[in-house]
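> pasted the sequence and its predicted model underneath.
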Amino acid sequence: MLPELGQVLLLLALLVAALQAVLPLAGAQRGNGAWMAVARPAAYAQLALLAGAFAILTYAFVVQDFSVKYVAGNSNSLLPMIYRYSAVWGAHEGSLLLWALILGLWSAAVAGFSRRLPQVVSARVLGVMGLVAVGFLAFLIFTSNPFTRLLPAAAEGHDLNPLLQDPGLIFHPPLLYVGYVGFAVPFAFAIAALLDGGVDARWLRWTRPWTNVAWAFLTLGMALGSWWAYYELGWGGWWFWDPVENSIFMPWLAGTALIHSQAVTEKRGSFAGWTLLLAIAAFSLSLLGTFLVRSGVLTSVHAFAADPSRGVFILAFLVAVIGGSLLLYALRAGRLEAGAGFHPASRETLLLLNNLLLASACAMVLLGTLYPLLADALGLGKISVGPPYFGLLFFVLMLPLVALVPFGPLARWQRDQASKVVAVLLPWAGLALALGVVAYFTAPQGPWKTALGVTGAAWIGLGTLRFVWGRLRTSGRMTAEMWGMTLGHLGIAVFLVGALLVEAQNVQREVALKPGQSLQVGRYGFVFQGVDESQGPNYLSDRGHVQVLRDDQPLVLLHPEKRAYASGGQVMTEVGLRPGFTADVYVALGEPLGDGAWAVRVHIKPFVRWIWIGALLMALGGLVTAADRRFRRVPKETTA
């Protein structure tokens, strides 16, 4: 009877979420302290109920209870134990339960750490989060119940999608969801501010760490998904502008703009309306991503195909949340104070330009993602929008952003002399250009992209370090917020090196090789030693053996594979990979060509790891910023 208990727990969680939504919001409106006091215990109770339901579903996977339809569809008796745990969120229903559980975790965390806020503020914030939980729990229970019985029970399950039987996919969805769902917190604070009619510095300072933590986890989740696609799919790339990838990238862009806008509003009182709108946009784009992935309108290796009723439900929920939020914003945003004025030569102006560029990039990605879907729905034909569109426009929008990054930390608030900041950075700009020129003439191929990558990275890196040096020289200290900003900007520099140099200097060869034959690619030699069969826990594998040499000296023996899974016979590629700080050696096994020959794909990928090192630095910057003790002090009351 455990699955039935899980379903009861979900129903109780829905009732508690409704209680958390209605009473605190009504109490805040009427000034009823007893009603507002319901918010915290309701948040804790909702988390406990969801954790219980999640534990029951996990247990059903561990013991292989094939009388549960979701378990039978996503596991079988051969599935290794570690993947039985990750199979809990490996498909639609379980991933939604994970989403609801993480939303419960965020709500309970806000309840526990918001005691220093005025009761009316915390009640409204938790009430809004309760409303969001009601929508997701209703969707989960009425269209996507993970505890539905399969009677009679299946004798064997269908197995977890082989694409997901990978260590990266154990961690990728939870990290991604912590970020995705975490934007519900600044969204709830924004709605609370609009209901209150003002942006109070006391709660705005409080909300900044929540935004930074959510953004950091979304960065980690996105980076891990990119890394998984790189080594698991066998094509050798790290980003393809897939619509589902874009559905993650859009809230990340909006969140990046939000954390900068929050800093201006909290410190100077400016951009209050912009900050609230970005908070609404970041969470709305997270919901849009959910709609795209789960509505069945997309075909992607990342998407959860679903029936149309689920898509209609999410679309209705999306319209209610986004439409209601924007309507409230339209009615209340005019009451917000404008905040302190600022000169065109000031940090505020630079951060405004930063936000406009990020918002434009987000709009560009949104247009490119949705336009083919709308064109198809309106009968305008099948239209493909791919990397040429995204790559060109994103480059055009990011080029001025890269140029502006070092100026922001060095410029003063409200008013500054632009000539002073330019004079400080001019020597470093000259050094960055000189390094770019050297890179252009020494690049083995792709000189323009190589030069741009080195110049942009050196410009951001040197400008950021100049800020740190100047700060330590004048005041002798840096706050955690400043260290976080420094790490984030250095992460951008490292990412630029990886992204542009791997695109400029990647070398790929695809050849047919028989055992004993070899291939030379630059400094690297590849000797194909043949293929043999091996047995995995739930698959049969054709396992290749490729000896890699560098400068004619043995470097590593790689074993690319083609795995045929027992249930369904789906064939997956497992690449042979020799990681390196300056270059990866990447070998993928293709199809057998007869007479012992196999198709073999070889890549030399310079600096590709710097992409993920840069992402890790950015995420670490967000977490370090969130740890700043200043955010936990209650400032004097100000409104914007």
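Right, received. Where do you want to start?
> tell me how far the closest residue to Asp166 other than its chain neighbours lies from Leu164.
Using CB to CB, 6 or more residues apart in numbering and skipping the chain neighbours, the partner closest in space to Asp166 is Glu232 (5.6 Å). For glycine as for every other residue, the C-beta is placed from the backbone atoms N, C-alpha and C. In this view, Glu232 and Leu164 are 10 Å apart by CB to CB, to the nearest Å.
> returning to what we had before: correct me if wrong: the residue nearest to Asp166 contacts Gly168.
Yes - counting by CB atoms under 8 Å, Glu232 touches Gly168, with 7.0 Å between them.
> which one's more surrounded, these two?
Neighbour count, other CB atoms under 10 Å: between Glu232 and Gly168, Glu232 has more, with 20 against 15.
> list the contacts of that one.
With contact set as CB atoms under 8 Å, 6 or more residues apart in numbering, Glu232 has these partners: 163, 166, 168, 572-575.
> what does stretch 444-453 contact?
With contact meaning CB under 8 Å, 6+ apart, stretch 444-453 is reached by 436-437, 439-441, 443, 496-497, 499-501, 503-505, 507, 522.
> list buried residues within those residues.
For the contacts of stretch 444-453, a burial check counting by 16 or more other CB atoms under 10 Å picks out 436, 439-440, 443, 496-497, 499-501, 503-505.
> Glu266 - how many residues pack around it?
When neighbours are defined as other CB under 10 Å, Glu266 has 25 of them.
> oh sorry, the question was meant for Gly112
Neighbours of Gly112 (other CB under 10 Å): 11.
> what do you get for Ala43?
Counted with other CB under 10 Å, Ala43 comes out at 28.
> Leu331 now?
10.
> what's the following helix or strand after the helix or strand containing it?
Element membership for Leu331 (DSSP states H and E) is helix 324-332. Next along the chain after helix 324-332, taking DSSP H and E as the criterion, comes helix 347-377.
> the helix or strand that comes right after that next one - contacts with which helices or strands?
Following helix 347-377 in sequence order, the next helix or strand is helix 387-404 (DSSP H and E). Counting contacts by 3 or more CB pairs under 8 Å, 6 or more residues apart in numbering; DSSP states H and E, helix 387-404 is packed against helix 347-377, helix 447-474.
> could you dump those helices into a markdown table with distance to Pro560 and mean pLDDT added?
Shown next, in a markdown table, are the helices and strands packed on helix 387-404 (distance: least, CB to CB, whole Å; pLDDT from 0 to 100):
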| stretch | distance to Pro560 | mean pLDDT |
| --- | --- | --- |
| helix 347-377 | 33 | 89 |
| helix 447-474 | 28 | 95 |
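> do you know which of those lies nearest Gly289?
When these are compared by CB to CB, helix 347-377 sits nearest Gly289, at 9.7 Å.
> would you mark the buried spots in that closest one?
347-352, 354-355, 357-359, 361-362, 364-366, 368-370, 372-373.
> circling back: CSV for the helices and strands packed on helix 387-404, including distance to Pro80?
CSV is the format used below for these (distance: least, CB to CB, whole Å):
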stretch, distance to Pro80
helix 347-377, 35
helix 447-474, 40
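> any idea where the strands of the stretch 201-350 of the chain begin and end?
With strands called from DSSP state E, counting those that start in this stretch, the stretch 201-350 of the chain shows none.
> okay, now the unreliable bits of it?
Where the stretch 201-350 of the chain drops to pLDDT under 70, the residues are 202, 294-309, 337-341.
> and the helices in it?
In the stretch 201-350 of the chain, the helices defined using DSSP state H, counting those that start in this stretch lie at 201-232, 243-268, 272-294, 308-318, 324-332, 347-377.
> quick check: which of the ones you listed is nearest to Leu12?
Of all these, helix 308-318 comes closest under CB to CB, at 21.0 Å.
> using PDB, write out every CA atom in the closest one.
Only the C-alpha atoms of helix 308-318 are listed here, as PDB (Å, rounded to 0.1, in the frame of the first residue of the first chain):
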ATOM      1  CA  PRO A 308      -1.500  17.300 -25.100                       C
ATOM      2  CA  SER A 309      -3.500  17.600 -21.900                       C
ATOM      3  CA  ARG A 310      -0.300  18.100 -19.900                       C
ATOM      4  CA  GLY A 311       0.700  20.900 -22.300                       C
ATOM      5  CA  VAL A 312      -2.700  22.600 -22.000                       C
ATOM      6  CA  PHE A 313      -2.400  22.500 -18.200                       C
ATOM      7  CA  ILE A 314       1.100  24.000 -18.200                       C
ATOM      8  CA  LEU A 315       0.100  26.600 -20.800                       C
ATOM      9  CA  ALA A 316      -2.900  27.600 -18.600                       C
ATOM     10  CA  PHE A 317      -0.600  27.800 -15.500                       C
ATOM     11  CA  LEU A 318       1.900  29.800 -17.500                       C
END
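> nearest spatial neighbour of Leu224, skipping sequence neighbours?
Per CB to CB, 6+ apart, closest to Leu224 is His172, 4.6 Å.
> helix or strand for the one you found, which one?
Going by DSSP H and E, His172 is part of helix 167-182.
> alpha carbons of that helix, as PDB, please.
What follows is helix 167-182, C-alpha atoms only, in PDB (Å, rounded to 0.1, in the frame of the first residue of the first chain):
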ATOM      1  CA  PRO A 167      26.800   9.500 -13.800                       C
ATOM      2  CA  GLY A 168      26.400  13.000 -15.100                       C
ATOM      3  CA  LEU A 169      22.600  12.600 -15.400                       C
ATOM      4  CA  ILE A 170      22.500  11.600 -11.700                       C
ATOM      5  CA  PHE A 171      23.500  15.200 -10.700                       C
ATOM      6  CA  HIS A 172      22.400  17.300 -13.700                       C
ATOM      7  CA  PRO A 173      18.600  17.500 -13.100                       C
ATOM      8  CA  PRO A 174      18.800  18.200  -9.300                       C
ATOM      9  CA  LEU A 175      21.400  20.900  -9.800                       C
ATOM     10  CA  LEU A 176      19.400  22.400 -12.700                       C
ATOM     11  CA  TYR A 177      16.100  22.300 -10.800                       C
ATOM     12  CA  VAL A 178      17.600  23.900  -7.700                       C
ATOM     13  CA  GLY A 179      18.500  26.800 -10.000                       C
ATOM     14  CA  TYR A 180      15.300  26.800 -12.000                       C
ATOM     15  CA  VAL A 181      13.000  26.600  -9.000                       C
ATOM     16  CA  GLY A 182      15.200  28.900  -7.000                       C
END
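> what are the contacting residues of that helix?
With contact meaning CB under 8 Å, 6+ apart, helix 167-182 is reached by 82-83, 85-86, 89-90, 95, 98-99, 102-103, 106, 163, 210-211, 213-222, 224-225, 227-228, 231-232, 248, 251-252, 255, 286, 289-290.
> change it to 7 Å
Helix 167-182 is contacted from outside by 86, 89, 95, 98-99, 102-103, 106, 210, 213-215, 217-218, 220-221, 224-225, 227-228, 232, 248, 251, 286, using CB atoms under 7 Å, 6 or more residues apart in numbering.
> now the helix or strand following that helix - C-alpha only, CSV.
Downstream of helix 167-182, the next assigned helix or strand under DSSP H and E is helix 184-196. These are the backbone C-alpha positions of helix 184-196, laid out as CSV (Å, rounded to 0.1, in the frame of the first residue of the first chain):
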residue,chain,number,x,y,z
ALA,A,184,10.7,31.4,-7.4
VAL,A,185,12.2,33.2,-4.4
PRO,A,186,13.0,36.5,-6.1
PHE,A,187,9.8,36.2,-8.0
ALA,A,188,7.9,35.8,-4.7
PHE,A,189,9.7,38.8,-3.3
ALA,A,190,8.9,40.9,-6.4
ILE,A,191,5.2,40.0,-6.1
ALA,A,192,5.3,40.8,-2.4
ALA,A,193,6.9,44.2,-3.2
LEU,A,194,4.2,45.0,-5.8
LEU,A,195,1.4,44.1,-3.3
ASP,A,196,3.1,46.3,-0.7
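> the inter-axis angle of helix 184-196 versus helix 272-294?
Counting by axes from the mean of the first three to the mean of the last three CA atoms, to 10 degrees, helix 184-196 lies at 130 degrees to helix 272-294.
> how far off centre is helix 184-196?
Centre-to-centre, helix 184-196 and its host chain are 22 Å apart (CA atoms, centre = their mean, to the nearest Å).
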